[in-house]
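Trainee: Quick one: sequence and predicted model below, then my questions.
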Amino acid sequence: MDSFLLIAIPFFSFAQNEKATWDYPVKPGSKEWLNIEDYFKRFELLNIPAPLLKKISTEELVKSCLNYPEYRLIFTRNDLQSGYNFIRSSFNGFVELETRPDAGKELMKVYAGYKPDGFDLNLTDLEIGRFMSKFTFIELLLAQTEIQNKLNPGDLKELMSICSQKYKVKKDRQKYYGGIGLQTTVLVIARQQSKKLANVKMKYGDQKINAFVDNLSFDTIDFLDDIVTENDKILSDGL
(Lines give C-alpha, C1' and ligand atoms only; values in the text may rest on other atoms or scores of the structure.)
Protein backbone atom coordinates (compact mmCIF):
# COMPACT_ATOMS: atom_id res chain seq x y z
CA MET A 1 0.00 0.00 0.00
CA ASP A 2 2.93 2.38 0.71
CA SER A 3 4.05 2.07 -2.91
CA PHE A 4 0.56 3.06 -4.00
CA LEU A 5 0.61 6.20 -1.85
CA LEU A 6 3.97 7.28 -3.22
CA ILE A 7 2.55 7.08 -6.73
CA ALA A 8 -0.94 8.47 -6.07
CA ILE A 9 0.00 11.53 -3.99
CA PRO A 10 2.08 13.31 -6.66
CA PHE A 11 -0.51 12.35 -9.25
CA PHE A 12 -3.27 13.94 -7.16
CA SER A 13 -1.23 17.09 -6.60
CA PHE A 14 -0.87 17.46 -10.35
CA ALA A 15 -4.59 16.89 -10.82
CA GLN A 16 -5.47 19.68 -8.37
CA ASN A 17 -3.52 22.20 -10.42
CA GLU A 18 -4.94 21.10 -13.73
CA LYS A 19 -7.78 18.80 -14.82
CA ALA A 20 -8.73 16.13 -12.31
CA THR A 21 -8.28 12.70 -13.92
CA TRP A 22 -7.65 9.12 -12.82
CA ASP A 23 -5.57 6.80 -14.97
CA TYR A 24 -4.75 3.98 -12.52
CA PRO A 25 -1.12 4.62 -11.52
CA VAL A 26 -0.94 1.00 -10.34
CA LYS A 27 -1.89 -1.45 -13.10
CA PRO A 28 -2.78 -5.13 -12.72
CA GLY A 29 0.34 -7.23 -13.26
CA SER A 30 2.71 -4.46 -12.17
CA LYS A 31 5.24 -4.96 -9.39
CA GLU A 32 3.12 -2.95 -6.94
CA TRP A 33 0.08 -5.06 -7.84
CA LEU A 34 1.87 -8.38 -7.44
CA ASN A 35 3.38 -7.29 -4.11
CA ILE A 36 -0.11 -7.55 -2.61
CA GLU A 37 -0.67 -11.24 -1.95
CA ASP A 38 -4.38 -10.98 -1.13
CA TYR A 39 -6.23 -11.05 -4.46
CA PHE A 40 -9.15 -8.93 -3.27
CA LYS A 41 -6.96 -6.32 -1.58
CA ARG A 42 -5.28 -5.70 -4.93
CA PHE A 43 -8.51 -4.07 -6.13
CA GLU A 44 -8.06 -1.36 -3.50
CA LEU A 45 -5.09 -0.11 -5.54
CA LEU A 46 -7.49 0.79 -8.36
CA ASN A 47 -9.85 2.89 -6.22
CA ILE A 48 -9.92 6.64 -6.77
CA PRO A 49 -8.70 8.58 -3.70
CA ALA A 50 -11.71 10.08 -1.88
CA PRO A 51 -10.78 13.79 -2.36
CA LEU A 52 -10.26 13.24 -6.09
CA LEU A 53 -13.44 11.18 -6.41
CA LYS A 54 -15.57 14.19 -5.50
CA LYS A 55 -13.48 16.61 -7.56
CA ILE A 56 -13.35 14.69 -10.84
CA SER A 57 -15.88 15.72 -13.50
CA THR A 58 -18.49 13.23 -14.68
CA GLU A 59 -16.92 13.29 -18.15
CA GLU A 60 -13.56 12.21 -16.71
CA LEU A 61 -15.20 9.75 -14.32
CA VAL A 62 -16.89 8.05 -17.27
CA LYS A 63 -13.50 7.72 -18.97
CA SER A 64 -11.99 6.22 -15.83
CA CYS A 65 -14.85 3.74 -15.43
CA LEU A 66 -14.73 2.67 -19.07
CA ASN A 67 -10.95 2.19 -18.72
CA TYR A 68 -11.27 0.14 -15.53
CA PRO A 69 -8.41 -2.37 -15.91
CA GLU A 70 -10.38 -5.31 -14.56
CA TYR A 71 -13.66 -4.72 -16.41
CA ARG A 72 -13.39 -8.14 -18.08
CA LEU A 73 -14.33 -9.67 -14.72
CA ILE A 74 -17.94 -8.98 -15.73
CA PHE A 75 -17.63 -12.19 -17.76
CA THR A 76 -16.56 -14.31 -14.77
CA ARG A 77 -19.94 -14.63 -13.03
CA ASN A 78 -23.11 -16.51 -13.87
CA ASP A 79 -24.46 -13.54 -15.80
CA LEU A 80 -23.25 -10.09 -16.82
CA GLN A 81 -25.31 -8.24 -14.22
CA SER A 82 -23.73 -10.33 -11.47
CA GLY A 83 -20.37 -9.58 -13.09
CA TYR A 84 -21.06 -5.86 -12.96
CA ASN A 85 -22.24 -6.13 -9.36
CA PHE A 86 -18.90 -7.73 -8.51
CA ILE A 87 -16.69 -5.04 -10.06
CA ARG A 88 -19.01 -2.35 -8.68
CA SER A 89 -18.39 -3.73 -5.20
CA SER A 90 -14.64 -3.57 -5.88
CA PHE A 91 -14.30 -0.09 -7.43
CA ASN A 92 -15.60 3.13 -5.93
CA GLY A 93 -15.73 4.84 -9.32
CA PHE A 94 -18.81 2.86 -10.39
CA VAL A 95 -20.62 3.68 -7.16
CA GLU A 96 -19.83 7.36 -7.60
CA LEU A 97 -20.87 7.32 -11.26
CA GLU A 98 -24.31 6.02 -10.33
CA THR A 99 -24.83 9.06 -8.08
CA ARG A 100 -24.02 11.60 -10.79
CA PRO A 101 -27.13 13.21 -12.34
CA ASP A 102 -25.37 13.59 -15.69
CA ALA A 103 -23.82 10.10 -15.80
CA GLY A 104 -26.26 8.83 -18.43
CA LYS A 105 -25.77 11.83 -20.70
CA GLU A 106 -21.99 11.50 -20.55
CA LEU A 107 -22.15 7.76 -21.23
CA MET A 108 -24.48 8.41 -24.17
CA LYS A 109 -21.99 10.85 -25.69
CA VAL A 110 -19.35 8.14 -25.73
CA TYR A 111 -21.74 5.38 -26.77
CA ALA A 112 -23.04 7.37 -29.74
CA GLY A 113 -19.55 7.19 -31.22
CA TYR A 114 -19.26 3.41 -30.84
CA LYS A 115 -19.68 1.67 -34.20
CA PRO A 116 -20.78 -1.99 -34.03
CA ASP A 117 -19.17 -2.64 -37.42
CA GLY A 118 -16.08 -0.62 -36.60
CA PHE A 119 -13.69 -3.56 -36.51
CA ASP A 120 -11.54 -4.93 -39.30
CA LEU A 121 -12.59 -8.43 -40.33
CA ASN A 122 -8.88 -9.27 -40.74
CA LEU A 123 -8.28 -8.83 -37.02
CA THR A 124 -7.60 -11.89 -34.91
CA ASP A 125 -10.42 -13.47 -32.94
CA LEU A 126 -8.83 -12.12 -29.76
CA GLU A 127 -8.74 -8.55 -31.10
CA ILE A 128 -12.34 -8.73 -32.29
CA GLY A 129 -13.31 -10.15 -28.90
CA ARG A 130 -11.71 -7.20 -27.13
CA PHE A 131 -13.56 -4.77 -29.39
CA MET A 132 -16.89 -6.42 -28.63
CA SER A 133 -16.25 -6.71 -24.89
CA LYS A 134 -15.82 -2.92 -24.70
CA PHE A 135 -19.19 -2.58 -26.43
CA THR A 136 -20.77 -4.97 -23.94
CA PHE A 137 -19.29 -3.06 -21.03
CA ILE A 138 -20.60 0.40 -21.92
CA GLU A 139 -24.04 -1.04 -22.66
CA LEU A 140 -24.05 -2.78 -19.29
CA LEU A 141 -23.37 0.57 -17.64
CA LEU A 142 -26.17 2.23 -19.63
CA ALA A 143 -28.52 -0.58 -18.60
CA GLN A 144 -28.15 0.15 -14.89
CA THR A 145 -31.39 1.46 -13.43
CA GLU A 146 -29.52 4.04 -11.35
CA ILE A 147 -28.11 5.50 -14.56
CA GLN A 148 -31.33 5.37 -16.58
CA ASN A 149 -33.43 6.93 -13.82
CA LYS A 150 -31.44 10.15 -14.09
CA LEU A 151 -32.07 10.61 -17.82
CA ASN A 152 -34.88 12.91 -18.91
CA PRO A 153 -37.62 11.60 -21.27
CA GLY A 154 -35.96 13.13 -24.34
CA ASP A 155 -32.61 11.54 -23.57
CA LEU A 156 -34.26 8.19 -22.90
CA LYS A 157 -36.06 8.31 -26.22
CA GLU A 158 -32.77 9.10 -27.95
CA LEU A 159 -31.04 6.25 -26.13
CA MET A 160 -33.76 3.79 -27.14
CA SER A 161 -33.35 4.87 -30.76
CA ILE A 162 -29.56 4.62 -30.67
CA CYS A 163 -29.72 1.12 -29.17
CA SER A 164 -32.17 -0.02 -31.84
CA GLN A 165 -29.88 1.25 -34.59
CA LYS A 166 -26.80 -0.38 -33.08
CA TYR A 167 -28.63 -3.67 -32.57
CA LYS A 168 -29.52 -3.86 -36.25
CA VAL A 169 -25.90 -3.30 -37.26
CA LYS A 170 -24.83 -5.98 -34.79
CA LYS A 171 -27.38 -8.36 -36.28
CA ASP A 172 -25.69 -7.95 -39.66
CA ARG A 173 -22.57 -9.31 -37.99
CA GLN A 174 -24.31 -11.78 -35.74
CA LYS A 175 -21.78 -14.52 -36.50
CA TYR A 176 -19.24 -12.39 -34.64
CA TYR A 177 -21.43 -10.98 -31.89
CA GLY A 178 -23.54 -14.03 -31.12
CA GLY A 179 -26.10 -13.85 -28.34
CA ILE A 180 -23.72 -12.40 -25.77
CA GLY A 181 -22.91 -9.46 -28.00
CA LEU A 182 -26.56 -8.73 -28.75
CA GLN A 183 -28.04 -9.11 -25.29
CA THR A 184 -26.67 -6.00 -23.62
CA THR A 185 -27.97 -3.72 -26.37
CA VAL A 186 -31.43 -5.16 -25.78
CA LEU A 187 -31.00 -5.01 -22.01
CA VAL A 188 -30.68 -1.23 -22.20
CA ILE A 189 -34.00 -1.16 -24.05
CA ALA A 190 -35.81 -3.77 -21.95
CA ARG A 191 -35.02 -2.15 -18.63
CA GLN A 192 -36.52 1.10 -19.82
CA GLN A 193 -39.44 -0.25 -21.87
CA SER A 194 -40.37 -3.36 -19.86
CA LYS A 195 -43.80 -2.03 -18.85
CA LYS A 196 -44.65 -1.19 -22.47
CA LEU A 197 -43.64 -4.46 -24.12
CA ALA A 198 -47.21 -5.77 -24.34
CA ASN A 199 -46.74 -7.88 -27.46
CA VAL A 200 -43.51 -9.45 -26.20
CA LYS A 201 -45.17 -10.25 -22.86
CA MET A 202 -48.14 -11.80 -24.65
CA LYS A 203 -45.82 -13.99 -26.74
CA TYR A 204 -43.29 -15.02 -24.10
CA GLY A 205 -44.92 -14.25 -20.75
CA ASP A 206 -43.99 -11.87 -17.96
CA GLN A 207 -41.64 -14.38 -16.37
CA LYS A 208 -39.30 -14.47 -19.36
CA ILE A 209 -39.25 -10.68 -19.61
CA ASN A 210 -38.46 -10.39 -15.91
CA ALA A 211 -35.74 -13.04 -16.10
CA PHE A 212 -34.07 -11.16 -18.92
CA VAL A 213 -34.35 -7.78 -17.23
CA ASP A 214 -32.99 -9.17 -13.96
CA ASN A 215 -30.17 -11.42 -15.14
CA LEU A 216 -30.13 -11.43 -18.98
CA SER A 217 -31.68 -14.89 -19.23
CA PHE A 218 -33.11 -15.68 -22.68
CA ASP A 219 -33.61 -18.70 -24.93
CA THR A 220 -33.53 -17.44 -28.50
CA ILE A 221 -32.31 -14.51 -30.60
CA ASP A 222 -35.94 -14.13 -31.76
CA PHE A 223 -36.76 -12.97 -28.24
CA LEU A 224 -34.20 -10.17 -28.52
CA ASP A 225 -35.40 -9.29 -32.02
CA ASP A 226 -38.99 -9.00 -30.80
CA ILE A 227 -38.02 -6.58 -28.02
CA VAL A 228 -36.22 -4.36 -30.52
CA THR A 229 -39.15 -4.52 -32.95
CA GLU A 230 -41.62 -3.50 -30.26
CA ASN A 231 -39.30 -0.75 -29.09
CA ASP A 232 -39.32 0.64 -32.64
CA LYS A 233 -43.14 0.63 -32.59
CA ILE A 234 -43.23 2.37 -29.21
CA LEU A 235 -40.91 5.08 -30.54
CA SER A 236 -42.85 5.51 -33.79
CA ASP A 237 -46.13 5.81 -31.84
CA GLY A 238 -44.54 8.45 -29.62
CA LEU A 239 -45.23 6.49 -26.45
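Mentor: Now that the structure is in, tell me what you want to look at.

Trainee: quick one, phi/psi of A20?
Mentor: phi -70, psi 120 (degrees, to the nearest 10).

Trainee: mind listing what it touches?
Mentor: Contact analysis of A20 by Cβ atoms under 8 Å, 6 or more residues apart in numbering lists L52, K55, I56, S57, E60. Bear in mind the C-beta positions are built from the backbone N, C-alpha and C, glycine included.

Trainee: Name the SS class of K63, please.
Mentor: Per DSSP: H, G, I helix; E, B strand; the rest coil, the local secondary structure of K63 is helix.

Trainee: State the distance from it to Q148.
Mentor: From K63 over to Q148 the distance is 20 Å, taken as Cβ to Cβ, to the nearest Å.

Trainee: F119 now?
Mentor: 27 Å.

Trainee: same thing with D117?
Mentor: As judged by Cβ to Cβ, D117 and Q148 stand 26 Å apart.

Trainee: now T76
Mentor: 25 Å.

Trainee: which one of these two has more residues nearby?
Mentor: Just comparing T76 and Q148: by other Cβ atoms under 10 Å the higher neighbour count belongs to Q148, 17 against 11.

Trainee: ok now do the more buried one, which residues does it touch?
Mentor: Counting by Cβ under 8 Å, 6+ apart, Q148 makes contact with G104, L142, L156, L159, V188, R191, Q192.

Trainee: The residues you listed in helices, which ones?
Mentor: Under the assignment DSSP state H, these contribute G104, L142, L156, L159, V188, R191, Q192 to helices.

Trainee: Using a markdown table, lay out these together with pLDDT and distance to G29.
Mentor: Converted to a markdown table, the ones in helices among the contacts of Q148 look like this (pLDDT from 0 to 100; distance: Cβ to Cβ, whole Å):
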| residue | pLDDT | distance to G29 |
| --- | --- | --- |
| G104 | 98 | 32 |
| L142 | 98 | 29 |
| L156 | 97 | 39 |
| L159 | 98 | 35 |
| V188 | 98 | 32 |
| R191 | 97 | 34 |
| Q192 | 96 | 38 |
